[in-house]
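*Asks:* Okay, sequence plus prediction incoming.
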Amino acid sequence: MEYLPAPTGHSLTEPGSPGAYGRGKQCGGTACPSLPRENCDRVSDRAVIHRGVVMRLYPNRAQAAALRRWQGGLRYLWNHTWAWCRSQRTGIDGAGKWPGRAEIRARMVELKRQPETAWIAAIPAHAVLALAEDLHRAMRNWFDKRARMPKFRSKHHRQFSVYAVNQSTTWSHGIVKLPKLGAVRYRAGSLPKGRLLFSRIYRVADKWHMTSVFACSEVEPTCASATRVGIDMGLKTLATVFDGEHVTSIENPKALREHELQLRRYQRRVSRRKPGSHRRERARRALGRLHQRIANIRRDVAHKATSMIAAKAGTIVVETLNVRGMLKGRNLAKSVADAGMADFLRMLRYKATCAGCTIIEADRWFPSSKTCSACGALRDMPLRARWLSCVCGNEMDRDENAARNLFAYREELGNAGATPKTRGESGDQAIGAIRRSVPDTEPRMSKRITRDRLCVT
């Protein structure tokens, strides 16, 4: 779910009005930049955020066949237009320069009028225009060295999503009406009360999903608890939560490890099938369903745990993890990827923001596991050591000890941005952890997320 300030010109329709989930007033401009919090809705004078919802679609056979044809048509348009763009730049009959957005859009629309490609007219017009925008954005990212050169797309790999315009999309009692597709059954939670901006339909394995983005008024913070918790992330235990009295352990499902043998068997089955045969396609789909099941198990545990933490805590202290760097290691890379710690922290951030909680991210070099939570002594704790035994008599699990240190992080180092005193300066053993001052002007770089700030997750 993504929270963003509303673009200029968007208006919010009240719940129950004719434009709440269907037709509404269009955006006045073409660009939709992110605006500060002072920009509010013109009608209700309230701040507007963007909320995304993912729902499961259940199309019938005819509708599923139409969606697959549209995906194939979008792939043909992408490959044909990208080849035309390259010929315009390097070909003999070309203009010697790369075409712009308007030329790419005109080229795709022109294909619908040609007799040999008249079948492209069956694809929704807004999906074709959105594809032209995606191709131009991919070229622009390549020119600016933010990405690699666009590639030709294959039908054996990930397919394009189908863009659905907001005016022709309506909901009613488990049925969504989509343009050129008709009524489709869906399953999802409660939809946000706001104006629909756009939707995209895509397929994962053999299941269809749709992501819809709504412009909604900012929800009021629901967190009224003064509970403070410290969370330590790990591999054996996904998260250890300490609230000052009790320690809660969230077990790591280890979904990839549990299904690793089954994955090997399914992968061997795919490799033994003849390329291009129907049996290979069936084996490939079975492998995709297993991958989806593993991802769903990991995502389900993260959603339930983060919802529980955000509901009961008022202040959340977490450690700053360099997950990308951890994935480069040779010994623990698979376990780190299987745990899904980055996704866990991402969910925790946006759920805590929605609930009005405060998130404090401890310094990356803060030795939460090596510091004794009772006396503050710094001890050598290699990864294989799972139990802390201090000379002061404190003995406990290293994850619980780290959660207790994170719980006391604010009282120990302060949170006002000033340079705190180390234990060496105060007469104890130095821990070498200095808190960096954090500006409060950039939401993307801020280490603290308060209830009066919108964030992008």
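*Replies:* That came in fine, so what should we check first? Numbers count the residues shown, from 1 in each chain.

*Asks:* Assign a three-state SS to the residue nearest to residue 392 when sequence neighbours are not counted, would you?
*Replies:* Excluding its sequence neighbours, the residue lying closest to residue 392 (Cβ to Cβ, 6 or more residues apart in numbering) is residue 375, at 4.2 Å. Using the backbone N, CA and C atoms, a C-beta is placed for each residue, glycine as well. The assignment at residue 375 comes out as coil when based on DSSP: H, G, I helix; E, B strand; the rest coil.

*Asks:* need the contact list for residue 375.
*Replies:* 390, 392, 394 (Cβ atoms under 8 Å, 6 or more residues apart in numbering).

*Asks:* Would you mind measuring from it to residue 408?
*Replies:* 13 Å (Cβ to Cβ, to the nearest Å).

*Asks:* Ok, residue 113 next?
*Replies:* Distance from residue 113 to residue 408, by Cβ to Cβ: 70 Å.

*Asks:* Settle it for me: which of those two has more neighbours?
*Replies:* Neighbour count, other Cβ atoms under 10 Å: between residue 113 and residue 408, residue 408 has more, with 18 against 10.

*Asks:* Tell me if I'm right that residue 395 and residue 374 touch.
*Replies:* No: assessed by Cβ atoms under 8 Å, residue 395 is found out of contact with residue 374, at 9.6 Å.

*Asks:* of these two, who's got more company?
*Replies:* Counting neighbours by other Cβ under 10 Å for residue 395 and for residue 374 shows that residue 374 has the greater number, 15 against 12.

*Asks:* related to what we said a few turns ago, now, which of the contacts of residue 375 sits nearest residue 255?
*Replies:* For the contacts of residue 375, the minimum distance to residue 255 (Cβ to Cβ) is 34.4 Å, reached by residue 394.

*Asks:* which ones are touching that closest one?
*Replies:* Neighbours of residue 394 in contact, by Cβ under 8 Å, 6+ apart: 372, 373, 374, 375, 388, 401.

*Asks:* Quick check: the last one touching residue 373?
*Replies:* Pointing back at residue 401 there. Yes: applying Cβ under 8 Å, one finds residue 401 in contact with residue 373, separated by 5.0 Å.

*Asks:* Looking at these two, which has the bigger crowd around it?
*Replies:* residue 401 (27 against 21).

*Asks:* Ramachandran angles for that one?
*Replies:* phi -60, psi -40 (degrees, to the nearest 10).

*Asks:* can you check residue 149 too?
*Replies:* Dihedral pair for residue 149: phi -60, psi 140, per degrees, to the nearest 10.

*Asks:* Just the strands from the stretch 251-400 of the chain, written as ranges.
*Replies:* With strands called from DSSP state E, counting those that start in this stretch, the stretch 251-400 of the chain shows them at 315-319, 358-362, 387-389, 395-397.

*Asks:* Select, out of the ones you listed, the one closest to residue 74.
*Replies:* Of all the strands of the stretch 251-400 of the chain, strand 358-362 sits nearest to residue 74, with 39.4 Å by Cβ to Cβ.

*Asks:* Report the angle between the closest one and strand 315-319.
*Replies:* Between strand 358-362 and strand 315-319, the angle comes out at 20 degrees (axes from the mean of the first three to the mean of the last three Cα atoms, to 10 degrees).

*Asks:* Packing partners of strand 358-362?
*Replies:* For strand 358-362, the packing partners by 3 or more Cβ pairs under 8 Å, 6 or more residues apart in numbering; DSSP states H and E come out as strand 315-319, helix 341-355, helix 409-413, strand 448-449.
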